[in-house]
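Novice: need coordinates for the below:
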Amino acid sequence: MSSTRRNNAQHKSNVGALLMLWIIYPMLPLITSIRQFSNKKYRIFIILFGALYGFTFIPIKNSDGQDYKDTYLSMKEYTYSKYINDITHIADKESDFPDIYAFTLFFVSKKISDDPKVFFLLTGLLYFWVFVALMGTIWELAPSGWGRHYLWFFLGCVFVLNFSAGINGVRFGMAFMVYCYGALNLILKKRIKFLFIAALSILVHFSLLYLVLFLLAFYLAGFPDRRVFLYSFLAIAVVSSVFSSFITENVSFFGSAIENKYNEYTDAAFMENRELHTDNWRWYVNFDKYSTFYFVNIAMLLIRFFSFKIKHDLLANRLFSFALILFGASIISGGLVDSISNRFILVSNLFSLIYLLYISYLNPGNLTLSRTSRVYRLVFILHALVVLRGDLYTVSPWLIFGNPIVAMVLESDISIQDIIMDQF
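Specialist: Sure thing, here's the model as predicted:
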């Protein structure tokens, strides 16, 4: 008992010291919390870093982040009555957002300050809070992952989205994290409260309704872990044949705002312009766009169907079944919208990586899984570089080289990436 008390006191002392250090130079506590991610008490510094990232966030020109900043600045007086009016009319054609998350952030932020920095601070705080909770849940699937070959699959989960996704995009990034946190915990613990948590993602971004329906079907089917192949492929076959037409025929049920968004994203001219936009991307961006998707899903299928010596348990079967259903859902979505708008690929990627991580943990000495991890390293490294390159356009020098006090006093419109490009 005394040893436990001493350890708790030591941890509290360490957290206090890191908190003081965070005020002086946040990067050092961040590095410590990443290196000791298994210690839950240190994870707070990743969340605090996310809040500081939001506060110092530099929106890219013509990006979603710039649009949110402009919208926030245009709201001179956002009263409670206006807020209630907005969230009770989110289904109307004139609504800016067909969900309540952005309006709620606007309202709370406006109560604090008219400075959009506060809006992005709250956005970063909430996003990284859920992000850390999700990564913590994934980490517990393979708690001794550092130094193991399946560490690369965990890193793939960490980098599944840009770190700026929940700040720049505000809604989808947060909805992604909420859904994945709820869905993964529902699979792990079979408690219905996690289904409701996943369903909260609809209030953040309406498009997650699509995936919530798949999760609901999976839950009602009783988490099929026997005859997993038959259940999964039957589900995909049935859904593929009816779901696309079902969405098209019934989208008006969800209100004119969502119907307008759906019609906009499925318009042939819009889709063609979006695809033409990808022609201007550098080769490595286009390669990265699908490399993770194809690699992890092909690896998942080959491992499950052709590697009979790989051990599976009930959880591995459930993870595979759900990952396979999400793979089918992303393909269905790809038939409705353009490749840029089909962000359900990212959800499919995450759960395929979770499956590969867990199955590698169950079979630590398996040569096939070890080789798969080695090949994935190359895919991951390219993906991580593309992610960081995009994020650096939004990172202020004060985030990396300053501290919260400096960030409050000084403001920079020049990003780290701008500085790097000027030097080269």
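
Novice: now do the helix ranked longest in the chain, average pLDDT.
Specialist: When the chain is parsed with DSSP state H, its longest helix is helix 367-392. The average pLDDT within helix 367-392 is 91.

Novice: and the helix or strand that that helix is followed by, what's buried?
Specialist: Sequence-wise, the next helix or strand beyond helix 367-392 is helix 397-401, with elements assigned using DSSP states H and E. Residues 397-399 are the ones in helix 397-401 that count as buried (16 or more other CB atoms under 10 Å). No exception for glycine: its C-beta is placed from N, CA and C like everyone else's.

Novice: swap in stretch 370-383?
Specialist: 372-373, 376, 379-380, 382-383.

Novice: then stretch 382-391?
Specialist: So, applying 16+ other CB under 10 Å, buried residues of stretch 382-391: 382-383, 386-387, 390-391.

Novice: what do you get for stretch 295-302?
Specialist: 295-297, 299-300.

Novice: export the residues you listed to JSON lines and append columns for pLDDT.
Specialist: Output for these, formatted as JSON lines (pLDDT from 0 to 100):
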{"residue": "F295", "pLDDT": "91"}
{"residue": "V296", "pLDDT": "91"}
{"residue": "N297", "pLDDT": "90"}
{"residue": "A299", "pLDDT": "91"}
{"residue": "M300", "pLDDT": "91"}
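
Novice: nearest to R282, of these?
Specialist: The closest of the buried residues of stretch 295-302 to R282 turns out to be F295 (CB to CB; 19.7 Å).

Novice: okay, and that closest one sits in which element?
Specialist: Counting by DSSP H and E, F295 is part of helix 283-306.

Novice: what's the answer for V212, then?
Specialist: Taking DSSP H and E as the definition, one finds V212 inside helix 209-220.

Novice: show me what that helix is packed against.
Specialist: With contacts taken as 3 or more CB pairs under 8 Å, 6 or more residues apart in numbering; DSSP states H and E, helix 209-220 sits against helix 171-189, helix 193-199, helix 201-204, helix 228-250, helix 314-334, helix 344-362.

Novice: mean pLDDT lowest where, among these?
Specialist: helix 228-250 (a mean of 57).

Novice: other SSEs contacting the helix holding F295?
Specialist: helix 314-334, helix 344-362, helix 367-392.

Novice: show me the chain divided up by domain.
Specialist: According to the TED database, the chain comprises the domains 27-222+397-423, 224-393.

Novice: now these as TSV including distance to L19?
Specialist: Below are the domains of the chain laid out as TSV (distance: least, CB to CB, whole Å):
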stretch	distance to L19
domain 27-222+397-423	7
domain 224-393	25
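
Novice: which of the ones you listed sits closest to A17?
Specialist: Once the domains of the chain are compared by CB to CB, domain 27-222+397-423 is nearest, at 9.0 Å.

Novice: for stretch 88-97, what is the average pLDDT?
Specialist: For stretch 88-97, the mean per-residue pLDDT is 76.

Novice: just the C-alpha atoms of that stretch, please, in PDB.
Specialist: These are the backbone C-alpha positions of stretch 88-97, laid out as PDB (Å, rounded to 0.1, in the frame of the first residue of the first chain):
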ATOM      1  CA  THR A  88     -33.700  24.500 -34.400                       C
ATOM      2  CA  HIS A  89     -33.500  25.300 -38.100                       C
ATOM      3  CA  ILE A  90     -30.400  23.200 -39.000                       C
ATOM      4  CA  ALA A  91     -32.600  21.200 -41.500                       C
ATOM      5  CA  ASP A  92     -33.600  24.400 -43.400                       C
ATOM      6  CA  LYS A  93     -32.100  25.200 -46.800                       C
ATOM      7  CA  GLU A  94     -30.700  28.500 -45.500                       C
ATOM      8  CA  SER A  95     -28.800  26.900 -42.700                       C
ATOM      9  CA  ASP A  96     -25.000  27.300 -42.900                       C
ATOM     10  CA  PHE A  97     -24.400  23.900 -41.200                       C
END
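
Novice: just the buried positions in it, please.
Specialist: 90-91, 95, 97.

Novice: determine which two of these are furthest apart.
Specialist: A91 and F97, at 11.0 Å, using CB to CB across the buried residues of stretch 88-97.

Novice: now the closest residue to K40 other than its chain neighbours. Its backbone dihedrals?
Specialist: Sequence neighbours aside, G136 is the residue nearest to K40 in space, at 6.8 Å (criterion: CB to CB, 6 or more residues apart in numbering). Main-chain torsions, G136, degrees, to the nearest 10: phi -60, psi -40.

Novice: contacts only, for G136.
Specialist: By CB atoms under 8 Å, 6 or more residues apart in numbering, G136 lies in contact with 37, 40, 43.

Novice: what are the phi and psi angles of the first one?
Specialist: Recorded main-chain torsions at F37 are phi -60, psi -30, according to degrees, to the nearest 10.

Novice: just give me the neighbour total for it.
Specialist: 19 (other CB atoms under 10 Å).

Novice: contacting residues around it?
Specialist: F37 sits in contact with 43, 135-136, 139, where contact means CB under 8 Å, 6+ apart.

Novice: recalculate using a threshold of 7 Å.
Specialist: Counting by CB atoms under 7 Å, 6 or more residues apart in numbering, F37 makes contact with 43, 139.

Novice: show me which of the buried residues of stretch 295-302 is closest to F344.
Specialist: N297 (12.7 Å).

Novice: which ones are touching that closest one?
Specialist: So N297 contacts 327, 348, 352 (CB under 7 Å, 6+ apart).

Novice: write the PyMOL selection for whichever of the residues you listed are buried.
Specialist: Buried subset of the contacts of N297, written as a PyMOL selection, criterion 16+ other CB under 10 Å:
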select buried, resi 327+348+352
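
Novice: quick one: which of the contacts of N297 is nearest to Y101?
Specialist: S348 (22.9 Å).
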